[in-house]
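>>> Any chance you could fold what I've pasted below:
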Amino acid sequence: MTRPVRLLRRAVRMSRWLAGCALALAGAAPQAQTLGGIVTRVSDGDTLWLRPAPSPHERRPRPVKLRLLGLDAPERCQAWGDEATAALKARVLGREVTVERRATDDYGRGLVVLRLQDEDIGAWLVAQGHAWSYGWRAHAGAYAAQERQARSARRGLFADARAIEPRVFRKQHGPCDARRPRR
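Below you'll find the predicted structure:
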């Protein structure tokens, strides 16, 4: 492995550690920004674009890229990635939703809890077997109960003994890119 690759991997690990610290601090802070709007695009099973409802001084605000907080969906090039993306699209694309923005990740995306009416879509995705609850160290994650239920019912990706968590997939295969064939 070349030195630049090792340095890049170290930087990625450090940024994930810092993101975990930010999430822990965001969880302690009661300041969540609530925003309503229409989902205009779904990039993958845990990333979407939201066009905020216009304010009195804005005609048509630009969509913002958001990542669902508390879960980790399969990568696009990973097994179950297409299913997770399709499930999120079917549930929220073109619909009016509410998000509670808790923090911002290293890529500038808002980390949010997404609600369709009063339903937590992150909880729904995990309960249906489209994503894992994202835990950090000893904390099992916000959707650990939904993951346990989905595992015991063998729903979605939890029915596949070969399904691997996205963070493990990224360590083994690196990030998805345009040159990598879909698996």
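
>>> Break down this structure into its strands, ranges please.
33-44, 47-52, 64-68, 71-72, 96-104, 110-116, 119-120, 132-133 (DSSP state E).

>>> what's around residue 41, how many residues?
A count of nearby residues for residue 41, using other Cβ atoms under 10 Å, gives 14. Backbone N, C-alpha and C define where each C-beta goes, glycine included.

>>> Specify the beta-bridge partners of it.
residue 49 (DSSP bridges).

>>> That one: what's it in contact with?
48, 49, 63, 93 (Cβ atoms under 8 Å, 6 or more residues apart in numbering).

>>> Make CSV from the strands of the chain and add mean pLDDT and distance to residue 149 to it.
Below are the strands of the chain laid out as CSV (pLDDT from 0 to 100; distance: least, Cβ to Cβ, whole Å):
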stretch, mean pLDDT, distance to residue 149
strand 33-44, 94, 23
strand 47-52, 96, 24
strand 64-68, 96, 18
strand 71-72, 96, 14
strand 96-104, 95, 23
strand 110-116, 96, 19
strand 119-120, 98, 14
strand 132-133, 96, 11
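
>>> To residue 157, which of the ones you listed lies closest?
strand 132-133 (8.2 Å; Cβ to Cβ).

>>> Give me the sheet partners of the closest one and which way each runs.
strand 71-72 (antiparallel).

>>> Could I get the CA-only coordinates of stretch 149-160 as CSV?
Presented in CSV, the C-alpha positions along stretch 149-160 are these (Å, rounded to 0.1, in the frame of the first residue of the first chain):
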residue,chain,number,x,y,z
GLN,A,149,-37.0,-7.0,15.5
ALA,A,150,-36.0,-7.0,11.8
ARG,A,151,-33.2,-9.5,12.5
SER,A,152,-35.6,-11.9,14.4
ALA,A,153,-38.2,-11.6,11.6
ARG,A,154,-35.4,-12.0,9.0
ARG,A,155,-36.7,-8.9,7.1
GLY,A,156,-34.9,-7.5,4.1
LEU,A,157,-31.1,-7.7,4.3
PHE,A,158,-31.3,-9.4,7.7
ALA,A,159,-32.5,-12.5,5.8
ASP,A,160,-29.2,-12.7,4.0
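
>>> Name the residues of stretch 157-174 that come out as buried.
157, 158, 163, 164, 165, 166, 169, 170 (16 or more other Cβ atoms under 10 Å).

>>> so where do the helices sit in this structure?
Listed in chain order, the helices found in the chain under DSSP state H are 3-28, 81-92, 121-127, 144-153, 166-173.

>>> which stretch in these is the model least sure about?
Within the helices of the chain, the stretch with the lowest mean pLDDT is helix 3-28, showing a mean of 54.

>>> ok so, going back, turn the strands of the chain into a markdown table, columns for distance to residue 152.
Formatted as a markdown table, these follow (distance: least, Cβ to Cβ, whole Å):
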| stretch | distance to residue 152 |
| --- | --- |
| strand 33-44 | 26 |
| strand 47-52 | 28 |
| strand 64-68 | 23 |
| strand 71-72 | 18 |
| strand 96-104 | 29 |
| strand 110-116 | 25 |
| strand 119-120 | 20 |
| strand 132-133 | 14 |
